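A.B. asks: 3D model of this:
(chains A and B)
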Amino acid sequence: MSLLKKTATEQAQALAAKQISATELVQEHYAQIKAVDNEVKAFLYLDEKNALAQAATIDKKRAAGEKLSPLAGIPLALKDVMAQANVPTTCGSKILEGWRPPYDATLVTKLKANDVVILGKTNMDEFAMGSSTENSAFGPTHNPWDLTRIPGGSSGGSAAAVAAFEAPISIGTDTGGSIRQPAAVCGIVGVKPTYGSVSRYGLIAFSSSLDQAGPFARTVEDAAMVHAAIAGFDPKDSTSINSPVPDFVSAARKKDVKGLKIGVVKELSGDGYQTGVAEKFSQTLDLLVSLGAQIVEVSCPNFQYALAAYYLVAPSECSSNLARFDAMRYGLRVGDDGQRSAEEVMNLTRQAGFGREVKRRIILGTYALSSGYYDAYYGSAQKVRTLIKQDFDNAFKSADVLVSPTAPTTAFKIGEKANDPLAMYLNDIATIPVNMAGICGLSLPNGLASEDQLPSGFQIMAPAMADDRLYLVGGAIEAALKDKWGKPFWEFAPKLKGSKC
Amino acid sequence: MAGISREEVANLARLARIQMSDEELDHLSGEMQVILSAVAKVQEVANSDVPPTSHPIPITNVTREDVVTKSLTVEQALSGAPKKSEDRFQVPQILGEE
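C.D. replies: Okay, the predicted model is just below:
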């Protein structure tokens, strides 16, 4: 029987019971990838030989009776922003094409220590800048629910891989919504952990004060299991939080929200939110009430400035971070003819190696940080950041978690917003405040929008280091929806041509 | 609000070490105009009595014990170099001909 549609938890049980070997499970996922990925295009690189060798080792360990991690032998798709030793790591950019990092990101080290099998690297918007994967230098990924539509971004490849049953779990990164928005439009679960709770060592930096890696999965419990494996203090990341990690998996299994106060953020609704998405949101609130939760309305008046502040902070930090791509030590080098100077080679390399969105943001950031404009732009954005944090602090005085639709719309058509940067930036309107404050957020599917039958996402936000609340509330909603539908959400997904399940 | 000229964009591209064609500069100048007028919204609430936040976690210097730990070998460090020579990165000329 195919295990492709099983959750990671169920796959782990089958492995533990020796109903299937890790080798078979990994082979089955590669067969699915080969059957559907020519159209989905979630992966940039498949590490098949190494993955199968690793699976064989895990099978031997299991046969020898070794105590293994619950994730041992589970296949995973890794966003190409994470450095993995000796495996091509492009960040979706021509400037890093062919580069093989000499080291593992801490997150990769942790996954390997848990015997998670990394199938390959997934597509993304170049340097994680975008909401659709259309900014990848290697072409867009397609949404498994409708191949003519975007899978969200920037972690679109990782989200699509899980939605297309190419992997049960994957890793993305979220700077302004890049895990939660693709999770929403691909109909899966995605979590942006508290800033500093998952190491950024080996995560190719876009905006260092906002970037955070986290899990994708088809269920809340699976996401919790991955999150537990990657979280924790890392001395290699100077912004890593050195405090105990809450028990995410127990929280996901509790399925009890009685007496919890759920805060609806007034400013994250109304104009700009698709009718079907708004309908699903209000139905989910009704569901929470029926489960014994209490709904309260909260106001975060400064959220209206979050998008503008984000598009100053993130480009400013990126203009500095991306200075490292200088054609000297690694990556692309263009025009080195023995005559040109290092500076000329640098200029030509960055012209050829960076795509349009990346250049746009570097220029915007360079402007916002330049003398004469610093106070008006970057300085003002930093002040807005303070106001957003204060809004969250106040809101969490009257609510245990805050909620909103994850993305204002369902998946849009590939190409629809490609030439309108501002329209594209609006996709992240509801997800950005979480990053600006460094708190945590989760998106889970809450149904199909009535007008287009595409997945809608429900966002849960919790204070810093209270990520367990995301799993508590998410797990309860997910279980109640499954009862209501009589099946898990992914059973609504259309079967992809050639799919093995 | 203050506009941004094509010359200013060209200067920013020079500062950011990105060669740009005339076509790229034309296009980007127009886009920058639109984006800057949108992000200028931050100025509406950024009063002098609001302290700035540069980072979600208040951080002071993070230090560790000064002990030697394992690091990349020369071979590993040079593994991605576009050009190398005698265990070193080989780069184009930095100083002009005297």
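A.B. asks: any low-confidence regions in chain B?
C.D. replies: Scanning chain B for pLDDT under 70 picks out B:1-2, B:97-98.
A.B. asks: tell me the contacts of whatever residue of it ends up closest to chain A?
C.D. replies: Using Cβ to the nearest Cβ, residue B:56 is the residue of chain B that sits closest to chain A, at 2.3 Å. C-beta coordinates here come from the backbone N, C-alpha and C atoms, glycine included. For residue B:56, the residues meeting the contact criterion (Cβ atoms under 8 Å, 6 or more residues apart in numbering or on different chains) are A:195, A:196, A:209, A:389, A:436, A:437, A:438, A:439, A:464.
A.B. asks: OK, contacts around residue A:140?
C.D. replies: Neighbours of residue A:140 in contact, by Cβ under 8 Å, 6+ apart: A:41, A:123, A:132, A:133, A:134, A:150, A:156, A:414.
A.B. asks: no no, residue A:231
C.D. replies: The contact partners of residue A:231, taken as Cβ under 8 Å, 6+ apart, are A:193, A:197, A:198, A:245, A:248.
A.B. asks: tell me the helix or strand right after the helix or strand of chain A with the lowest mean pLDDT.
C.D. replies: Within chain A, confidence by mean pLDDT, DSSP states H and E is lowest for helix A:421-425 among all helices and strands, at a mean of 87. Heading C-terminal from helix A:421-425, the first helix or strand you meet, by DSSP states H and E, is helix A:432-437.
A.B. asks: burial measure for whichever residue of chain A sits closest to chain B, as a count.
C.D. replies: For chain A and chain B, the shortest gap (Cβ to the nearest Cβ) falls at residue A:438, measuring 2.3 Å. Here the count is done by other Cβ atoms under 10 Å in any protein chain shown, and residue A:438 has 24 residues near it.
A.B. asks: what strand or helix carries the nearest residue to it once chain neighbours are set aside?
C.D. replies: Spatially, and ignoring its direct neighbours in sequence, residue A:438 is nearest to residue B:56 (2.3 Å; Cβ to Cβ, 6 or more residues apart in numbering or on different chains). Using DSSP H and E, residue B:56 sits within no helix or strand.
A.B. asks: do the helix or strand harbouring residue A:478 and chain B meet?
C.D. replies: Residue A:478 is part of helix A:467-485 when elements are defined by DSSP H and E. No: where contact is defined by Cβ under 8 Å from any Cβ of the partner chain, no part of helix A:467-485 touches chain B; the two come within 14.1 Å at best.
A.B. asks: now for that helix, which elements pack on it?
C.D. replies: Applying 3 or more Cβ pairs under 8 Å, 6 or more residues apart in numbering or on different chains; DSSP states H and E, we find helix A:467-485 packed against strand A:189-192, helix A:220-230, helix A:248-254, helix A:275-290, strand A:401-405, strand A:440-448, strand A:455-462.
A.B. asks: Serialize those to CSV and add fields for mean pLDDT.
C.D. replies: Putting those into CSV (pLDDT from 0 to 100) gives the following:
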stretch, mean pLDDT
strand A:189-192, 98
helix A:220-230, 98
helix A:248-254, 98
helix A:275-290, 98
strand A:401-405, 98
strand A:440-448, 98
strand A:455-462, 98
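A.B. asks: let me have those in JSON lines, extended by mean neighbour count and distance to residue A:11.
C.D. replies: Listed next are these as JSON lines, based on neighbours: other Cβ atoms under 10 Å in any protein chain shown; distance: least, Cβ to Cβ, whole Å:
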{"stretch": "strand A:189-192", "mean neighbour count": "32", "distance to residue A:11": "16"}
{"stretch": "helix A:220-230", "mean neighbour count": "27", "distance to residue A:11": "9"}
{"stretch": "helix A:248-254", "mean neighbour count": "21", "distance to residue A:11": "15"}
{"stretch": "helix A:275-290", "mean neighbour count": "17", "distance to residue A:11": "28"}
{"stretch": "strand A:401-405", "mean neighbour count": "27", "distance to residue A:11": "29"}
{"stretch": "strand A:440-448", "mean neighbour count": "28", "distance to residue A:11": "20"}
{"stretch": "strand A:455-462", "mean neighbour count": "28", "distance to residue A:11": "22"}
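A.B. asks: pipe these into JSON lines and attach distance to chain B per row.
C.D. replies: Rendered in JSON lines, the data for these read as follows (distance: least, Cβ to the nearest Cβ, whole Å):
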{"stretch": "strand A:189-192", "distance to chain B": "12"}
{"stretch": "helix A:220-230", "distance to chain B": "18"}
{"stretch": "helix A:248-254", "distance to chain B": "20"}
{"stretch": "helix A:275-290", "distance to chain B": "23"}
{"stretch": "strand A:401-405", "distance to chain B": "16"}
{"stretch": "strand A:440-448", "distance to chain B": "11"}
{"stretch": "strand A:455-462", "distance to chain B": "14"}
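A.B. asks: mind listing what's buried in stretch A:422-439?
C.D. replies: For stretch A:422-439, the buried set under the neighbour-count rule, 16 or more other Cβ atoms under 10 Å in any protein chain shown, comprises A:424-439.
A.B. asks: distance between that stretch and the chain's centre?
C.D. replies: 13 Å (Cα atoms, centre = their mean, to the nearest Å).
A.B. asks: what of stretch A:33-47?
C.D. replies: In terms of Cα atoms, centre = their mean, the centre of stretch A:33-47 is set 18 Å apart from its chain centre.
A.B. asks: that one: end-to-end distance?
C.D. replies: From its first residue to its last, stretch A:33-47 covers 12 Å (Cα to Cα, to the nearest Å).
A.B. asks: average pLDDT for that stretch, rounded please.
C.D. replies: Looking at stretch A:33-47 alone, the average pLDDT works out to 98.
A.B. asks: any chance of the backbone angles for the closest residue to residue A:341 other than its chain neighbours?
C.D. replies: Of all residues beyond its chain neighbours, the one nearest residue A:341 is residue B:93 (5.5 Å), with distances taken as Cβ to Cβ, 6+ apart. Main-chain dihedrals, residue B:93, degrees, to the nearest 10: phi -60, psi 140.
A.B. asks: number of residues surrounding residue B:78?
C.D. replies: With other Cβ under 10 Å as criterion, residue B:78 counts 19.
A.B. asks: from what I see, residue A:454 and residue A:145 are in contact.
C.D. replies: Yes: here residue A:454 reaches residue A:145: they are 5.8 Å apart, a contact under Cβ atoms under 8 Å.
A.B. asks: which one of these two has more residues nearby?
C.D. replies: Taking residue A:454 and residue A:145 together and counting by other Cβ under 10 Å, residue A:145 has the greater number of neighbours (24 against 21).
A.B. asks: tell me where chain B has helices.
C.D. replies: B:6-15, B:22-39, B:74-77 (DSSP state H).
A.B. asks: reformat those as a markdown table; add distance to chain A and mean neighbour count.
C.D. replies: Shown next, in a markdown table, are these (distance: least, Cβ to the nearest Cβ, whole Å; neighbours: other Cβ atoms under 10 Å in any protein chain shown):
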| stretch | distance to chain A | mean neighbour count |
| --- | --- | --- |
| helix B:6-15 | 5 | 17 |
| helix B:22-39 | 4 | 16 |
| helix B:74-77 | 4 | 13 |
